[in-house]
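Colleague: build me a model:
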Amino acid sequence: MSQTPAAPSDIQLDGQMFLFRKPELLTKDKHAGLGVTRPKMPFGFCAGVRAVPIVLAEIASAQRYYPIIFSDANNPLPMAVVGLIDEVNLFVDDNGEWDQSVYIPGYIRRYPFALAGDKSSDRMAMIIDAEFEGITDAPETPFFQEGGEPSEAMTQAMDFCRTYERDRMVTIDFAKKFAEYDLLTTQVAQYTPQGGEPQPFAQYVNVEEKRLNELSDEKFLELRKSNLLPVIHAAMMSMGNWRSLMDRRVRRFNLAPDQVLQPVQKQ
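Modeller: Next up is the predicted model:
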């Protein structure tokens, strides 16, 4: 698959990309002299999301901090949950900084860059979110050198995007195979206040343990040989993070016990 920082003029962008407000092809003609500088709110672009896509290679790291759920039973792409009840990413503080003590998903780290493909060929080109606040004509990190070649930082960004794209394709293949086992169901996360009854606060798709246990020996062996079991176990273990995520929300908004499941009133 060929990849280039300077997009051919005949590659077209179709559809939308999560978190990208204005994706556009990165070209020498249009973006020479521009680059990026760390903005005042570095992660402000994702401060209002409640879940972030992750790839298969990230699950072992992500399951330590986030509940890992799946997009749906028919196309189960993994996602890390970062917010509850409100449209607030609980890992991004009021200064627009992500909590540096936890793993930051690759989708977030590669922003404002990504790769775009040409549907009629295997060519790919770099794209940027043209509305990213860090793009400037006096950048700390220029897109291109004076001769028109990508800067060193851009070359590193391109390498990261290539790696992420390969991991994303592996994850898509995983989702197709995973769906065949019919292990996923819609489930409900509950919060139990002290001395009270369990109350639901989130609905999500994940592996149902009963279905996993009821697999035939043949199917279970097939599942193990497909290297799907570590992913399944990691996703199931990550469910313990619902409580820590709720605790994070309580601390973030200084909530009283009777406010825990109530939306925060926006000022």
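
Colleague: now L261: how far from D137?
Modeller: Separation of L261 from D137 (Cβ to Cβ, to the nearest Å) stands at 47 Å. Where C-beta positions appear, they are placed from N, C-alpha and C, glycine not excepted.

Colleague: looking at those two, which has the bigger crowd around it?
Modeller: Neighbour tally, L261 and D137, criterion other Cβ atoms under 10 Å: the higher count belongs to L261, 15 against 9.

Colleague: on the three-state scheme, the more buried one is what?
Modeller: coil (DSSP: H, G, I helix; E, B strand; the rest coil).

Colleague: who's in contact with it?
Modeller: Counting by Cβ atoms under 8 Å, 6 or more residues apart in numbering, L261 touches 85, 191, 199, 201.

Colleague: do you know the pLDDT at the last one?
Modeller: Right, the one you point to is F201. Model confidence at F201, given as pLDDT, is 91.

Colleague: give the contact list for it.
Modeller: If you count contacts by Cβ under 8 Å, 6+ apart, F201 has them with 84-85, 189-191, 246, 261.

Colleague: just the element for it, please.
Modeller: Secondary structure assignment for F201, by DSSP states H and E: strand 199-207.

Colleague: next secondary structure element downstream of that strand?
Modeller: That would be, after strand 199-207 and using DSSP H and E, helix 209-213.

Colleague: for the stretch 51-200 of the chain, which spans come out with low pLDDT?
Modeller: Along the stretch 51-200 of the chain, the model assigns pLDDT under 70 to residues 118-123.

Colleague: what comes up buried for stretch 156-167?
Modeller: Neighbour-count burial for stretch 156-167 flags 157-158, 161, 164-165, 167 (criterion: 16 or more other Cβ atoms under 10 Å).

Colleague: and that stretch, how far from the chain's centre?
Modeller: 15 Å (Cα atoms, centre = their mean, to the nearest Å).

Colleague: and for that stretch, what's in contact with it?
Modeller: 3, 5, 55-58, 106-107, 109-110, 113-115, 124, 126, 150.

Colleague: in PDB, list the C-alpha atoms belonging to the strand holding F201.
Modeller: Taking C-alpha atoms only, strand 199-207 is exported to PDB below (Å, rounded to 0.1, in the frame of the first residue of the first chain):
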ATOM      1  CA  GLN A 199     -29.700   1.600  39.900                       C
ATOM      2  CA  PRO A 200     -28.800   1.400  36.200                       C
ATOM      3  CA  PHE A 201     -26.700   4.200  34.600                       C
ATOM      4  CA  ALA A 202     -25.300   2.800  31.400                       C
ATOM      5  CA  GLN A 203     -26.300   0.300  28.600                       C
ATOM      6  CA  TYR A 204     -23.500  -1.300  26.600                       C
ATOM      7  CA  VAL A 205     -22.600  -4.400  24.500                       C
ATOM      8  CA  ASN A 206     -20.100  -6.900  25.900                       C
ATOM      9  CA  VAL A 207     -19.500 -10.600  26.200                       C
END
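
Colleague: quick one: residues contacting E24.
Modeller: E24 makes contact with 13, 30, 127-128, 130 under the criterion Cβ under 8 Å, 6+ apart.

Colleague: ok, now R168?
Modeller: Contacts for R168 (Cβ under 8 Å, 6+ apart) come out as V55.
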